[in-house]
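A.B. asks: got a structure for you, letters missing:
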């Protein structure tokens, strides 16, 4: 494997989950990268934190359930999940409301994530 | 027997609700697989996965999920390959009436 | 040092999310709808200037938008070659849209 195949990827999810296909695409990119054993981390920023709400039920809108998909991330060994602390409080959410293994980050730490990864893909 | 129109171009069932064990036999036959008890155990497991995560698994998560639910002996690529040759995640999904896994070549 | 590219108007969440992570040591390139943020005297423009980052805007996009004569003089108009050169200078690039 050449080094270029092993570069780390940060996927940034900034849009709400059901309003467009962007959200779904961003998660698919993360999952595909993880499937091919690329180092990948996921940051839920701004409106993107709405992906993490429990109790989602998309059965009435013919869309797949994003919360369920996110629940499968540990099976893909997609374990580096970060969430925008300020956006959480903006939406009145606490880390304890959300799926486990998420790490809350402030603006400083998010900038650090941008710098730490070889590639950033924003959605 | 379901008519050809019930399946997509790649032979996956179009509507999950059309699935029955008989349809599974039909799908398995088209893959050249005669279903035995071990196959049914995996088919039932992958349908449980779909229910839980609203997606068909790729290979790696399927192996892990199998290990968690059926034990480490079965949670191995070799075991899955022996039952569903070449591409276990894809073929098992197909026989179970699920959509093609997204992250699967 | 991060090269941020912003392709969204100042009212968008892309704009505000970008500003949150734009550091003084970073570079920002405005393109497409992002060029409106460089309009002289607007709130968006002063927020950008307060970041202290080095800010450029893509000239063809600003021309298309009809805003070249209304831009804040502090921002530099650049062409595609300069965009490419900026990418080379920065190890990480993040697109906001």
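C.D. replies: Thanks, I have it. Computed from a prediction, not measured in an experiment: that's the story for all the values here.
A.B. asks: contact residues of chain B facing chain A?
C.D. replies: Residues of chain B lying close to chain A (C-beta under 8 Å from any C-beta of the partner chain) are B:49, B:52-55, B:57-61, B:64-65, B:102-104. All C-beta atoms are positioned from the backbone trio N, CA, C, and that covers glycine.
A.B. asks: I'd guessed residue B:88 sits against residue B:81; true?
C.D. replies: Yes - look at residue B:88 against residue B:81 with C-beta atoms under 8 Å: they come within range, at 5.7 Å.
A.B. asks: what about those two, which has more around it?
C.D. replies: The neighbour comparison of residue B:88 against residue B:81 (other C-beta atoms under 10 Å in any protein chain shown) goes to residue B:88, with 23 against 14.
A.B. asks: helix or strand for the closest residue to that one other than its chain neighbours, just tell me which one.
C.D. replies: Nearest non-adjacent residue to residue B:88, counting by C-beta to C-beta, 6 or more residues apart in numbering or on different chains: residue B:80, 3.8 Å away. Per DSSP states H and E, residue B:80 falls inside helix B:77-83.
A.B. asks: and residue C:5, by the same measure?
C.D. replies: strand C:2-6.
A.B. asks: list the helices and strands that strand packs on?
C.D. replies: Contacts defined by 3 or more C-beta pairs under 8 Å, 6 or more residues apart in numbering or on different chains; DSSP states H and E place strand C:2-6 against helix A:107-116, helix C:13-21, strand C:27-30, helix C:80-89, strand C:92-96.
A.B. asks: that strand pairs with which strands?
C.D. replies: Neighbouring strands of strand C:2-6 in its sheet, by DSSP bridges, are strand C:27-30 (parallel), strand C:92-96 (parallel).
A.B. asks: what's the most buried one of the helices and strands packed on strand C:2-6?
C.D. replies: With neighbours taken as mean count of other C-beta atoms under 10 Å in any protein chain shown, the helices and strands packed on strand C:2-6 reach their highest mean count in strand C:27-30, at a mean of 24.
A.B. asks: what's the average pLDDT for it?
C.D. replies: Per-residue pLDDT over strand C:27-30 has a mean of 98.
A.B. asks: buried residues in stretch B:16-25, which are they?
C.D. replies: Within stretch B:16-25, the residues scored as buried using 16 or more other C-beta atoms under 10 Å in any protein chain shown are B:19, B:23, B:24.
A.B. asks: how about the residues of chain C by chain A?
C.D. replies: Checking chain C against chain A by C-beta under 8 Å from any C-beta, the hits are C:1-2, C:13-14, C:16-17, C:20-21, C:23, C:91-97.
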